[in-house]
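Q: 3D, please:
(2 chains)
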Amino acid sequence: MNLLKKAAFTDLLKGMKITLKTMFKPTVTVHYPFEKVPPRKRFRGIHALKLNPDGSYRCEACYLCAEMCPSNVIDMEMTEGENGEKELVDFTVDLTRCLFCGLCVEACPRDAIVMTDIYEFSQYDIKKLVLHKEDLLELGRYYQKWERERER
Amino acid sequence: MEKERADLILNMGPQHPSTHGVLRLVLELKGEKIVGADSIIGYVHRGVEKLAENRKYMQILPVFDRVDYVSANTNELGFVLAVEKLLGIEDKVPRRAQFLRVIMAELTRISSHLIWLGTHALELGAMSVFLYAFREREKVLDLFEEIAGGRLHTGYMRIGGVAADATEKFLEELNEFLELFPLKLDEYEDLLSENRIWLSRTKGVGIIDKETAINWGITGPTLRAAGCDYDVRKYYPYCVYGEIDFKVPVYHNGDVYDRYKVRMDEMRESVKIIKECLSKMPQGPVQIEDTTVILPPKEEVYNTMVGLIQHFELVIHGLTPPKGEVYAAVEGPRGELGYYIVSDGTNKPYRLRIRPPSLINISILPELLKGHYVADVISIIGSLDPLMGEVDR
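A: Below is the predicted model of the structure:
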C-alpha cells in the first residue's frame, strides 16, 4: 500500500492541488508604492504639535515628553513670554533616534504632542530628519484636519 | 576518542541567508561530513541589558520590543510580569487586561511560528509555504496595528495593565482570523507533512534525545519534540493560563520533523486558547487603579489638579519598586524567556538579566552538527529557530 502511494505521487499531488487552487484565488499582494493600505487609528507615525483653536501653542514646554523618551529624541527651548509665562522657542524631534514607541504622547499632559499616520519620511539629507517647531506645527495642522475627518 | 582530521574548514555565515540572521558557523568537513563545528555569535550585540540599567522602568519596555524582534509581546509580557512581581501587584492587575495579555501573547506565538514555518520551508526548498505563511502573518500584524498601533514593535503591555482596551474592530477581525486560520494550517500540513522531499530532509535529522535536551537546558518546542512536556504556561502559570484548558503538544523522536510537528500543533492550541479567552473575557478596566504604578487616565490629567500632579510625579520620578530581586518567566515562542531583576530601591533597575531561550537552544549546535552532512546544517539550524537579536541581545 505504501509503495503504491509512493508510486502514485499522492503526497506531491496533494500539495500541487493546493497551489493550483490558490492560483485562481484573488491575489492579496499590495503593490506598495502604487497602492497603499491606510494605517489604523492607533498607528504611530511621525510626531506633530497641535495648536489651540485660537492659534496659540498647546505645548507649555513642561519637558515631560523629553523626560519620558527612552532615547532622548525630544529637546526644546523656551523663554519668558510677555505675561511672565513660559513660551516655546524651538521644539526638536530627532527622527534618526526615534523608536516610535508613543511614550511621549502618553506623557503629554496637554494633548499637545501627537503622532500622525505618516510613515514615509525618508530623506537624502540626515539634517532634514531633525524636525523643528515649524515642521511640527505644519504636521499638526495636517493631523488636526485628519483627526476631524476621522471622527466624522 | 581522537578527533577526526578535517579536510576542509568552511565558514558558513554570518551573511548566509539561512542562518536566520548573523550566526556564523565554522564547519570542519571531511568530504561532505561534518567532524567539528564552532558557532560564533555576537554580531548584533546591542547591549540591551546595559541600556535597561540606565532607563526608568517605564522606559525599558520599548527597548525590550527589540530584543526578540518578531515576538515583541511575549518579551514585554515577561518584563512586565517581573516588575509587577517586584512591586507585589500581580494579583491586582484587572482580569480583562490579563486576558488581553494572553490573547496578544498567543497571537505573537502564531506570528512568530509562521515566520519560522515560512523561512524553514523556504530553506528546504518549499517556496509556496513561505508565501502562504506570510500571507496569514500579515493578518496577525494587522490585528496588532489595530489594537496597539505598531505592527512589529507593538508596545502594548504596561506595568499594571495594557496600553488600551481592544476595539470592536479588533475583536471582529480576530474572530474572522480564528475561523480562517485552522483551515490555512491544514493547507500547510497538506503541503509539507507527507511531502517526500520534506520528509527526507527532516526525518531522523538532528536528533536530540530527552536527556541531552534537559542537560543542555533546552526549552520550548525543541524540548517538547524530545519528549519532555515542560511548558512554563503549565508548570508555572502566569496571567490566566491556569484557568484555561489547553494541551501541550509533545513528540518523542526529537528530530527536525518532530519540532515542525510540535510548532504546528502549538499554533492550533494557540487558536483554541484565544477562543477560550474571548469567551471568558469580562468587561472592565484594563489598567490598575494605582497612580504610583501607571499613568492616571487622560481625563483626570486634563481636568483635575490631583491627576496632573500624579502624572508629573510618575513621569519625572518613575515607579520605585522596593529593594529585592525577582525572576519571572514566560513561555515565549522559542522557549522559557526569563527576566531577572535586581532592584536597589531606585527608579532604575540595578541589574537586569534576560534568559534568552535562543542562545541556550543554539548552544547545542556544535555537538549536534557532528556527523551530519552539510545540507542538514540548514535544516537543523532552522528547526532550532534561533533569533540572533535575542542570542546577542
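Q: longest helix in the chain, please.
A: Going with chain A. Identified as the longest helix of chain A according to DSSP state H is helix A:133-151.
Q: my bad, chain B
A: Counting residues, the longest helix in chain B under DSSP H turns out to be helix B:95-123.
Q: can you name the next helix or strand after that helix?
A: helix B:127-148 (DSSP states H and E).
Q: that following helix near chain A at all?
A: Yes - using CB under 8 Å from any CB of the partner chain, we find that helix B:127-148 touches chain A at B:128, B:132, B:135, B:138, B:142, B:145-148. In short, each C-beta sits where N, CA and C put it, glycine included.
Q: from those residues, pick the one nearest residue A:12.
A: Lowest distance from residue A:12 to these (CB to CB) belongs to residue B:128, with 12.5 Å.
Q: contacting residues around the residue nearest the centre of chain A?
A: Most central in chain A under CA atoms, centre = their mean is residue A:45, positioned 0.8 Å from the mean C-alpha point. Residue A:45 makes contacts with A:39, A:100, A:115-119, as judged by CB atoms under 8 Å, 6 or more residues apart in numbering or on different chains.
Q: what's the ChimeraX syntax to select whichever of those are buried?
A: Per 16 or more other CB atoms under 10 Å in any protein chain shown, the buried members of the contacts of residue A:45 correspond to this ChimeraX selection:
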select /A:39,100,115,116,117,118
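Q: neighbours around residue B:195, how many?
A: Per other CB atoms under 10 Å in any protein chain shown, the neighbour tally for residue B:195 reads 21.
Q: quick check, pLDDT for whichever residue of the stretch 101-250 of chain B sits closest to chain A.
A: Distances between the stretch 101-250 of chain B and chain A by CB to the nearest CB are smallest at residue B:149, namely 3.6 Å. At residue B:149 the predicted local distance difference test score is 84.
Q: repeat that for residue B:81.
A: pLDDT, residue B:81: 90.
Q: one more: residue A:99?
A: pLDDT for residue A:99: 87.
Q: could you find the closest non-adjacent residue to it?
A: Spatial nearest neighbour of residue A:99, chain neighbours left out: residue B:62 (5.0 Å); criterion: CB to CB, 6 or more residues apart in numbering or on different chains.
Q: for that neighbour, helix, strand, or coil?
A: Here residue B:62 is helix, with the state taken from DSSP: H, G, I helix; E, B strand; the rest coil.
Q: same thing with residue B:386?
A: Using three-state DSSP, the secondary structure recorded for residue B:386 is coil.
Q: near it, how many other residues are there?
A: Residue B:386: 25 neighbours (other CB under 10 Å).
Q: so which bits of chain A are right by chain B?
A: A:6, A:10-12, A:14-15, A:18-19, A:22, A:28, A:39-44, A:62, A:64, A:67-70, A:99-103, A:106-107, A:109-111.
Q: so residue B:150 sits right up against residue A:115, yeah?
A: No - using CB atoms under 8 Å, residue B:150 makes no contact with residue A:115, being 10.7 Å away.
Q: the stretch 201-350 of chain B against chain A: which residues are in contact?
A: B:295, B:298, B:301-302, B:308, B:311-312, B:315-316.
Q: try 6 Å
A: Residues of the stretch 201-350 of chain B that fall close to chain A, judged by CB under 6 Å from any CB of the partner chain: B:301, B:308, B:311, B:315-316.
Q: check contacts around residue B:258.
A: The contact partners of residue B:258, by CB atoms under 6 Å, 6 or more residues apart in numbering or on different chains, come to B:225, B:251.
Q: which helices and strands does the strand or helix carrying residue B:28 pack with?
A: In this structure, residue B:28 sits in strand B:24-30 according to DSSP H and E. When contacts are defined as 3 or more CB pairs under 6 Å, 6 or more residues apart in numbering or on different chains; DSSP states H and E, strand B:24-30 sits against strand B:8-12, strand B:33-40.
Q: so which elements touch the longest one?
A: For strand B:33-40, the helices and strands in contact under the criterion 3+ CB pairs under 6 Å, 6+ apart are strand B:24-30, helix B:365-369.
Q: list the buried ones in that strand?
A: B:33-37, B:39.
Q: just the residues contacting the helix or strand that comes right after it, thanks.
A: Next along the chain after strand B:33-40, taking DSSP H and E as the criterion, comes helix B:48-53. Residues outside helix B:48-53 that contact it (CB under 6 Å, 6+ apart): B:60, B:63, B:67, B:352, B:393.
Q: make CSV out of the residues you listed and add neighbour count, distance to residue B:324 and pLDDT.
A: Below are those laid out as CSV (neighbours: other CB atoms under 10 Å in any protein chain shown; distance: CB to CB, whole Å; pLDDT from 0 to 100):
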residue, neighbour count, distance to residue B:324, pLDDT
B:60, 24, 17, 88
B:63, 21, 22, 87
B:67, 25, 23, 86
B:352, 23, 13, 89
B:393, 23, 23, 80
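Q: using TSV, lay out the residues of helix B:127-148 next to chain A together with neighbour count.
A: Below are the residues of helix B:127-148 next to chain A laid out as TSV (neighbours: other CB atoms under 10 Å in any protein chain shown):
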residue	neighbour count
B:128	19
B:132	22
B:135	16
B:138	17
B:142	16
B:145	21
B:146	20
B:147	27
B:148	26
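Q: how about the strands in the chain?
A: Going with chain A. Under the criterion DSSP state E, chain A carries strands at the ranges A:47-49, A:74-80, A:86-94, A:113-115, A:130-131.
Q: oops, I was thinking of chain B
A: Using DSSP E, the strands of chain B run over B:8-12, B:24-30, B:33-40, B:157-158, B:161-162, B:324-332, B:335-343, B:351-355.
Q: just those strands: most buried one?
A: The highest mean neighbour count among the strands of chain B, using mean count of other CB atoms under 10 Å in any protein chain shown, belongs to strand B:161-162: a mean of 26.
Q: now check that one, is it near chain A?
A: No - for a cut-off given as CB under 6 Å from any CB, strand B:161-162 has no contacts with chain A; the smallest distance is 12.4 Å.
Q: good, we can wrap up now.
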